[in-house]
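**Student:** Sequence and computational prediction follow.
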Amino acid sequence: MRVLAALSGGVDSAVAAARAVDAGHEVVGVHMALSRSRAQLRTGSRGCCSIEDAGDARRAADVLGIPYYVWDLSERFEDTVIADFLAEYSAGRTPNPCVRCNEHIKFEALMDKALALGFDAVCTGHYARVERPGGPDGAPELHRAREAAKDQSYVLAVMGPDRLARSMFPLGDVASKDEVRAEAAARGLSVSAKPDSYDICFVADGDTQGFLRERLGTRPGDVVDTTGAVVGAHEGAYAYTVGQRKGLALGRPAADGKPRYVLSIEPVSNTVVVGSSEDLRVGGIRGEAAVWLAPPADDAWFACAVQVRAHGEAVTAQARATGDEIEVRLDPAAPTLHGVAPGQSLVLYDGTRVLAQATVRATSPAARP
Amino acid sequence: MSVYLDHAATTPMLPEAVSAFTEALVRTGNPSSLHTSGRAARRTVEEARERLAAALGARPSEVVLTAGGTEADNLAVKGLFWARRAQEPARRRILVSAVEHHAVLDPAFWMAEHAGAEIVLLPVDSDGVLRVDALAAELEAHGDAAALLSVMWANNEVGALQPLAEVVALARRHGVPVHADAVQAVGQAPVDFAASGLDALTVSGHKVGGPMGVGALLARRGLDLTPVLHGGGQERGVRSGTLDTPSAAAFAVAVETAVGALPTTAPRIAALRDRLIAEVRRVVPDAVLRGPADPALRLPANAHFTFPGCEGDSLLYLLDSAGVECSTGSACQAGVPQPSHVLLAMGAGEDEARGALRFTLGHTSTPADVEALVAVLPGAVERAHAAGLSGRQRAGAR
């Protein structure tokens, strides 16, 4: 197969590309330029955008003996991932930009261009497995990686079956990140000891609040409790996340003396609503813009596990499809989810298999015990 | 075996240059040393200087050896600016054509940021040729504030030869020193430094069949040039650094050989280039030739096209995987393909500029190279067209 290997400049994508080469594929390395600003290219120390990463990606391609190109997807990235990030925070929601990047950039812009240029598949260093129980030409299933701690199926679930069929994740079966680093070292890849990236790649220094303040400006408003009483003030509701406890700077203690948490953000009135930990317990979730990797036969409730954060636990639940939405009822006997915000990505699992993904639109509180 | 159509990026070393290089490489001796070995090395360097000067219409003392074209351009822009402003503090304006190579543009912009210079970007016409009327108007209005003028001999992307005779005549009237980057011109067009009337001229080794990492600034005798590299005082104190004997020797041989062969190679390459242009237009009728349509007004080895609806880097990949090597022609900023500032200055839109591909011929080019390109180009264009300006489409779709 002709395989396009996305090379971020990190160790995972380099080893993934190496494995694709070993498997006998004709591999071409592509580094995505996601930032147009030369300043950011030169000073960005983390994530996908720095000049160091582009150089490391090129060096990895050299070592593997594969061609290397830089594709400029910066405009598309700005128009989709960053615009969505800002719009979601403006609307009082909590987006996951990595999910949007996979949706719009890696497995859409990059993949579309790759397929048009004659490639058969896109290979990345994500930790997830694509299984084809029906044989090599059978329908693909997306599963959690063997290494649970690194599993990235959560951020990949947003792609539909057609795109999954064109995806290749050679690291899905590795036992640990150490195995990947050792393999990189053995292959002479200089990125073998490069630190992992955690921050949002387009936010310098990991200062999300600063980034939002710079792009969205100051928008003062009230902090209110569940009765509507004003208990404080804020400089911009986007600085708050559902479930947040620290940094609320509320002058007056709660009547019951218990700590207060952000319960919701009301964009129209520009208010941040706070309440008790108990108020954060989620009983039900509605997700919109559902993408099904395992479409249900009907709209009946079925048992599954639901995950709402990249590194969160999956909890047992009942779910059903309703139009292009997903309705979830959490199991009252199971560990509960606290503080789920609209905008977060909702992923349904059956064991290790990804069933569906949606974006949280609304939650309902758990019944009081 | 791949077909190499990117001689403007670098061209294979001439066998004569390789011999001169390897012969000098095995001999010990710092040309600045006073002992026997040093004197032998010095002799090699000075002979190289004389041969370079003779081939380019300069005096040996006018040849300042550098580690390449970029260094020579930096020395010209910075050195001329500082020297001229020291003489007349009011002279702060750096005049450059909008289609200069980054080796001229970037030092000029750096001087504006760090040394109090003002940049004047001189416009070009739709062929990429300097608008002499705009230069005349600029000099008429601000000639006494101009520190230097830099206009390339021929453009590296679209091959347009620049009207240097007119440029020099205008500048001389206003007492403005003129530098020309002739990196692409030497070996393709007659370059005579003395006859040109230029004050400074840049030449590079690896563009003419010499080694990489060597070049020269020809600086008119008596020209005031403030040094950029300081140290041991080599090259009349203008460019310190141990002289690179093997590179100087091979560079001189390459320039001498290329210039000597010019009367036969230029017509041969030009005929091959004309055929390449005709064939590309035949197999891809909507390809747009950029740069002067009159073959006499462009470098004989240069053919440059934009392919509507295609991205240059898609074409580059597809042609490379089909065994044909060429270039998008524009400089890469940190590996990120940028729309060419040359095409934008010529009035092309950003989308048009993204579809650029440059084919450049050289001393090893044959008709078979053109045939190989023509055989694979239509398929590549068709596929690149399908891929479209992919990163830019469907923006905002959700």
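**Tutor:** That came in fine, so what should we check first?
**Student:** contacts, neighbours, all on C-alpha from now
**Tutor:** OK.
**Student:** Low-confidence stretches in chain B?
**Tutor:** B:330-336, B:389-398 (pLDDT under 70).
**Student:** need the strands for it, in chain order.
**Tutor:** Per DSSP state E, chain B carries strands over the ranges B:3-4, B:63-66, B:93-97, B:118-122, B:146-150, B:178-181, B:200-204, B:215-219, B:288-289, B:302-306, B:324-325, B:332-333, B:336-337, B:356-360.
**Student:** helix, strand or coil for A:L355?
**Tutor:** In three-state terms, and counting by DSSP: H, G, I helix; E, B strand; the rest coil, A:L355 is strand.
**Student:** Adding mean neighbour count and distance to A:V180, write the strands of chain B out as JSON lines.
**Tutor:** Output for the strands of chain B, formatted as JSON lines (neighbours: other Cα atoms under 10 Å in any protein chain shown; distance: least, Cα to Cα, whole Å):
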{"stretch": "strand B:3-4", "mean neighbour count": "21", "distance to A:V180": "38"}
{"stretch": "strand B:63-66", "mean neighbour count": "25", "distance to A:V180": "45"}
{"stretch": "strand B:93-97", "mean neighbour count": "25", "distance to A:V180": "51"}
{"stretch": "strand B:118-122", "mean neighbour count": "19", "distance to A:V180": "51"}
{"stretch": "strand B:146-150", "mean neighbour count": "28", "distance to A:V180": "52"}
{"stretch": "strand B:178-181", "mean neighbour count": "28", "distance to A:V180": "49"}
{"stretch": "strand B:200-204", "mean neighbour count": "29", "distance to A:V180": "45"}
{"stretch": "strand B:215-219", "mean neighbour count": "27", "distance to A:V180": "45"}
{"stretch": "strand B:288-289", "mean neighbour count": "18", "distance to A:V180": "48"}
{"stretch": "strand B:302-306", "mean neighbour count": "26", "distance to A:V180": "43"}
{"stretch": "strand B:324-325", "mean neighbour count": "21", "distance to A:V180": "34"}
{"stretch": "strand B:332-333", "mean neighbour count": "12", "distance to A:V180": "31"}
{"stretch": "strand B:336-337", "mean neighbour count": "22", "distance to A:V180": "28"}
{"stretch": "strand B:356-360", "mean neighbour count": "28", "distance to A:V180": "39"}
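**Student:** Which one, of these, ends up nearest to chain A?
**Tutor:** strand B:336-337 (5.9 Å; Cα to the nearest Cα).
**Student:** Domains in chain B, by residue range?
**Tutor:** Domains of chain B are assigned by automatic domain parsing as B:3-9+B:262-390, B:15-257.
**Student:** Can you find the residue of the stretch 251-369 of chain A that comes nearest to chain B?
**Tutor:** Residue nearest to chain B within the stretch 251-369 of chain A: A:A289 (9.5 Å; Cα to the nearest Cα).
**Student:** what are the ranges of the helices in the stretch 1-150 of chain B?
**Tutor:** Remark: helices assigned in the stretch 1-150 of chain B by DSSP state H, counting those that start in this stretch are B:15-25, B:36-56, B:69-87, B:102-114, B:132-142.
**Student:** next one: the stretch 251-398 of chain B
**Tutor:** B:312-321, B:341-345, B:350-354, B:367-387.
**Student:** mind checking which of these is nearest A:P95?
**Tutor:** Distance to A:P95, taken as Cα to Cα, is lowest for helix B:367-387 among the helices of the stretch 251-398 of chain B, at 29.9 Å.
**Student:** Determine whether any part of the closest one lies close to chain A.
**Tutor:** Yes: Helix B:367-387 lies within reach of chain A by Cα under 8 Å from any Cα of the partner chain, at B:383-384, B:386-387.
**Student:** repeat for stretch B:349-362
**Tutor:** No: using Cα under 8 Å from any Cα, we find that stretch B:349-362 stays clear of chain A, coming within 10.8 Å at best.
**Student:** ok, and what's touching that stretch?
**Tutor:** With Cα atoms under 8 Å, 6 or more residues apart in numbering or on different chains as the test, stretch B:349-362 has contacts from B:5-8, B:11, B:157-158, B:269, B:273, B:301-313, B:315-316, B:326-329, B:338-340, B:343-344, B:389.
**Student:** ok, back up a step: quick one, which of the helices of the stretch 251-398 of chain B is nearest to A:G29?
**Tutor:** Among those, helix B:312-321 comes nearest to A:G29, with 10.9 Å by Cα to Cα.
**Student:** Can you list the buried residues in that closest one?
**Tutor:** Buried residues in helix B:312-321, counted by 16 or more other Cα atoms under 10 Å in any protein chain shown: B:312-320.
**Student:** which strands and helices sit next to that helix?
**Tutor:** If contacts are counted by 3 or more Cα pairs under 8 Å, 6 or more residues apart in numbering or on different chains; DSSP states H and E, helix B:312-321 sits against strand A:68-72, strand B:356-360, helix B:367-387.
**Student:** Dump those into TSV; add distance to B:I94 as well.
**Tutor:** Below are these laid out as TSV (distance: least, Cα to Cα, whole Å):
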stretch	distance to B:I94
strand A:68-72	32
strand B:356-360	29
helix B:367-387	40
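**Student:** Can you report how many residues neighbour B:F109?
**Tutor:** 17 (other Cα atoms under 10 Å in any protein chain shown).
**Student:** about what we covered before: out of the helices of the stretch 1-150 of chain B, flag the one nearest chain A.
**Tutor:** Here helix B:102-114 is closest among the helices of the stretch 1-150 of chain B (Cα to the nearest Cα), at 13.4 Å.
**Student:** and the angle for that closest one with strand B:118-122?
**Tutor:** 150 degrees (axes from the mean of the first three to the mean of the last three Cα atoms, to 10 degrees).
**Student:** What are the contacting residues of helix B:102-114?
**Tutor:** Helix B:102-114 is contacted by residues B:69-71, B:73-74, B:77-78, B:94, B:96, B:117-119, B:150, B:331 when judged by Cα under 8 Å, 6+ apart.
**Student:** what bridges to the spatially closest residue to B:R131 that is not a sequence neighbour?
**Tutor:** Once flanking residues are discounted, B:R131 sits nearest to B:V124: 5.0 Å by Cα to Cα, 6 or more residues apart in numbering or on different chains. Applying DSSP bridges to B:V124 gives these bridge partners: B:L130.
**Student:** and B:V124, what does it touch?
**Tutor:** B:97-99, B:130-131, B:345-346.
**Student:** Nearest to A:N270 among those?
**Tutor:** B:A345 (47.1 Å).
**Student:** so the closest one touches B:D127, yeah?
**Tutor:** No: under the criterion of Cα atoms under 8 Å, B:A345 makes no contact with B:D127, lying 9.8 Å away.
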